[in-house]
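**Q** Predicted model and sequence follow; I will ask about them next.
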Amino acid sequence: MKLKTLLKNKTLILSVLLSITAYHSLACKNMCVIGAGYVGLIAGSKFAQMGNNVICTDISQSKINDLNNGIKPIFEPGLQAIVKEGMHQEKLFFTTDVEHAIQTADIIIVAVGTPMGKDGSSNISALINVIETIAKNMQGYTVICIKSTVPIGTNKNVLLQLDEHCAPGALYDLVFNPEFLREGSALKDFSINPIVLGSNSQKALDIMTELYSPLIERGCPLVHTDLTTAEAFKYTWNSFRMTRIMFVNELACLCNTVGADIETLVTSMSMSEQSMPTKNLKPGPGIGGSCFPKDSRALAHTARKVGERFCILEAVIKADQLHKQKMITTIYDLMDNNVRGKKVAIWGLSFKANTDDIRDSVAIKIIKKLLGNGAIIQAYDPQAMKNMHALIPDICYCTCAEKALEDADILVIVTEWQEFTHVDLKTIKTKCVNL
Ligand code: UDX
């Protein structure tokens, strides 16, 4: 059957769709995937498996010839089977004719490579060329979905580029949809990983959500956000995973030197729910308490003593110090560098919520610095005021959060106590002089 005939004959598309057993997606889309590399091939074949009509394009004629002849360009478990099935079902096609594929598409997925340049920057020249081709060839309303990893801010420029080059009457929206595929388990990852969709168009978000609905119905988490946050998500995900890997790599060297068993260590760490590093991850003013600061320094010290490098841990300790310093700098910036005689309300004194422990709490650093420069501190904490009073007696301890705010020039929330999270910050504004 000719591709063109298939794409035009909606009744036929529906009957082919119903014969697909793996997924049932009634709202089948005509899709074009640009770049049949690792990411494009996985995405294209999975979308075809979900019942969509997918044309995968690539500038490499030999790659397209190989794919059409059943020769897989990469090894990835399960990939050959779903490519074969998609082709057999006439849901998946391979061509170098990118213009035609763009013209027939409701959704265009861009998955061209963005290799690293010599200076560590990302080379997005292929993406720029492809966007121009899309702009000149798309017809009707089209969702353009970028899957290529791009530097934060790129998609705002892509929108400008589309505006500049698009044909008269062409309607489109842009979505950034990063991929989190690990080679070796990419097909599985595609089906279980979070689906992050960034766009400034609700219509496009809805269309992409519908496209992914077979996976969402099976439990895939879905995140709708803006373009910039979605771009940052990809880099954050990889950098965070890399940080964890490097932590274990350096720990392994130290274990080797001191005679500890890294395998047991890593397995034991994975057993504890609490140690899941992405669970309950929230930013805060810095690390405190009786354990983290002391234990991290002790381990770094051990490493130095036995002649090992634990750069990642040293960096974490340094980053924490700088972060705490930044909290103080921010307060001073907001107070135009003059805190003398100013009233500073401090909510939260313990190093974290639900404890009265103030050891290494960031509140201590902040209060001491401000007091030293002549500020008037009005503090409140649901549990930790007694402990803080023993350490710093000469500040005003208030009976409630509201009292601490009276005539305050600035409010600093140090600890995330539940009672502070319910406060309406707009109401607070009326109670303070300078907020
Ligand atoms: C993907 C992402 O797209 C990349 O941004 C991310 O950082 C890593 O994963 P990947 O699929 O691994 O890249 O890249 P690659 O295997 O190089 O495939 C890209 C394909 O796009 C190649 O087959 C290339 O021939 C094709 N291509 C490139 C085009 O079809 N058109 C172009 O203009 C440029």
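**A** Thanks, I have the structure now. Numbering: from 1, shown residues only.

**Q** From here on, just use CA atoms for contacts and neighbour counts.
**A** Will do.

**Q** Quick check: nearest residue in space to Gly184, chain neighbours excluded?
**A** Glu76 (5.6 Å; Cα to Cα, 6 or more residues apart in numbering).

**Q** distance of the one you found from the ligand?
**A** Glu76 is 12 Å from the ligand, where distance means Cα to the nearest ligand atom, to the nearest Å.

**Q** Thought Lys188 was touching that residue, still the case?
**A** No - the criterion here is Cα atoms under 8 Å, and Glu76 misses it with Lys188 at 10.8 Å.

**Q** Near the nearest residue to Asp356 once chain neighbours are set aside, how many other residues are there?
**A** Spatially, and ignoring its direct neighbours in sequence, Asp356 is nearest to Ala384 (4.1 Å; Cα to Cα, 6+ apart). Counted with other Cα atoms under 10 Å, residues neighbouring Ala384 total 19.

**Q** Look up phi and psi at Ala384.
**A** Backbone torsions for Ala384, taken as degrees, to the nearest 10, come to phi -100, psi 10.

**Q** quick one: contacts for it?
**A** By Cα atoms under 8 Å, 6 or more residues apart in numbering, the contact set of Ala384 is Gly348, Leu349, Ser350, Thr355, Asp356, Asp357, Ile358.

**Q** Now with 7 Å, please.
**A** Shown in contact with Ala384 (Cα atoms under 7 Å, 6 or more residues apart in numbering): Leu349, Ser350, Asp356, Asp357, Ile358.

**Q** And the helices in the stretch 101-250 of the chain, which stretches?
**A** 125-137, 154-165, 186-192, 202-211, 213-217, 227-258 (DSSP state H, counting those that start in this stretch).

**Q** For Cys56, which of these is the nearest?
**A** Across the helices of the stretch 101-250 of the chain, the minimum distance to Cys56, taken as Cα to Cα, is reached by helix 125-137, at 13.7 Å.

**Q** pLDDT averaged over that closest one, what's the number?
**A** For helix 125-137, the mean pLDDT works out to 97.

**Q** How about that helix and the ligand, any contact?
**A** Yes - counting by Cα under 6 Å from any ligand atom, the ligand has neighbours in helix 125-137: Ala126, Val130.

**Q** Check the gap between the residue nearest the centre of the chain and the ligand for me.
**A** What sits nearest the mean C-alpha location of the chain, by Cα atoms, centre = their mean, is Phe233, with 2.1 Å. Counting by Cα to the nearest ligand atom, the gap from Phe233 to the ligand is 13 Å.

**Q** circling back to that earlier point, as JSON lines, the helices of the stretch 101-250 of the chain with distance to Phe292 would be great.
**A** Shown next, in JSON lines, are these (distance: least, Cα to Cα, whole Å):
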{"stretch": "helix 125-137", "distance to Phe292": "44"}
{"stretch": "helix 154-165", "distance to Phe292": "38"}
{"stretch": "helix 186-192", "distance to Phe292": "33"}
{"stretch": "helix 202-211", "distance to Phe292": "41"}
{"stretch": "helix 213-217", "distance to Phe292": "38"}
{"stretch": "helix 227-258", "distance to Phe292": "15"}
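
**Q** per-stretch mean pLDDT over those helices, give me the minimum one.
**A** Among the helices of the stretch 101-250 of the chain, helix 227-258 has the lowest mean pLDDT, at a mean of 90.

**Q** Can you give me the buried ones in that helix?
**A** 227-235, 246, 248, 250-255 (16 or more other Cα atoms under 10 Å).

**Q** after whichever strand or helix holds Ala363, next one along is what?
**A** Assigning secondary structure by DSSP states H and E places Ala363 in helix 362-372. Per DSSP H and E, the first helix or strand lying C-terminal to helix 362-372 is strand 376-380.
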